[in-house]
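Novice: I would like the atomic coordinates for the input below:
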Amino acid sequence: MVEVAIVNYGVGNLKSVKRAIERAGARPIITLSADDVAKAGAIILPGVGSFKSAMEGLQPLMSTLREAISRGKPVLGICLGLQLFFEWSEEGGGVGGLGLMKGVVDRLPSSVKVPHMGWNTISIESQNPLVEGVPDGSYVYFVHSYKANPEDPGNIVATTVYGVKFPSIVWRKPLIFGTQFHPEKSGGVGFTMIKNFVSMARR
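Specialist: Next up, the predicted model:
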């Protein structure tokens, strides 16, 4: 059974992610151990908390994480986890990210209520293994105040509109994926994406 390391860098929402991975037929490990991350078949960066705190919590794992990514290990960033993929966030006065994708993270516009919380639709912009079997226009569950702005349009898999159009799913070759929403809280549609991710880890 493939193991999925859920990185415990001091943010919340770990148990619901763990349950979703179990349902998808994989063995989840909630951990901050470099050995666990190195041995796992896939990695999840979960998604509730502040950008600065998350980056500080990831410091002990930075070299292990970069090595795993360079070797093509599947990685899924959820909500805040997606934002960490980028070079910089304005949250907390400006904090550097992982730099796995070029671009910055900024706050949602003042014209809408923040945080963006609840169900909204995704428009699938490009075919991708993460969204295989997911209908265009599906509803998923969001809780966020910031959004990513990739420099490369090729990183965008799906978009959502809330005051402004923003990327709700991103990716980078070979197997780095991010969802601005919470797939583990998004019913059958979200579970399809979790299963797709686990399937990639098995392969």
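Novice: and the closest residue to Ser53 other than its chain neighbours, what does it touch?
Specialist: With Cβ to Cβ, 6 or more residues apart in numbering as the criterion, Ser53 has its nearest non-adjacent residue at 5.7 Å, and that residue is Gly10. Heads up, the C-betas are built off the backbone N, CA and C, glycines and all. With contacts defined as Cβ atoms under 8 Å, 6 or more residues apart in numbering, the neighbours of Gly10 are Gly49, Ser53, Ala54, Glu56, Gly57.
Novice: Buried only: go through the residues you listed for me.
Specialist: Neighbour-count burial (16 or more other Cβ atoms under 10 Å) applied to the contacts of Gly10 gives Gly49, Ala54, Gly57.
Novice: And the pLDDT for the first one?
Specialist: We note a pLDDT of 84 for Gly49 in this prediction.
Novice: Spell out the secondary structure type for the nearest residue to it once chain neighbours are set aside.
Specialist: With Cβ to Cβ, 6+ apart as the measure, Val11 is the residue that lies nearest to Gly49, at 3.4 Å, once sequence neighbours are left out. Using DSSP: H, G, I helix; E, B strand; the rest coil, the structure places Val11 in coil.
Novice: I'd say Val11 and Leu80 touch.
Specialist: Yes: between Val11 and Leu80 there is a contact at 6.4 Å, judged by Cβ atoms under 8 Å.
Novice: Tell me which two of the contacts of Gly10 sit farthest apart.
Specialist: Gly49 and Glu56 (10.5 Å; Cβ to Cβ).
Novice: quick revisit: now list whatever residues contact both of Val11 and Leu80.
Specialist: Pro46, Gly47, Val48, Gly49, Ala54.
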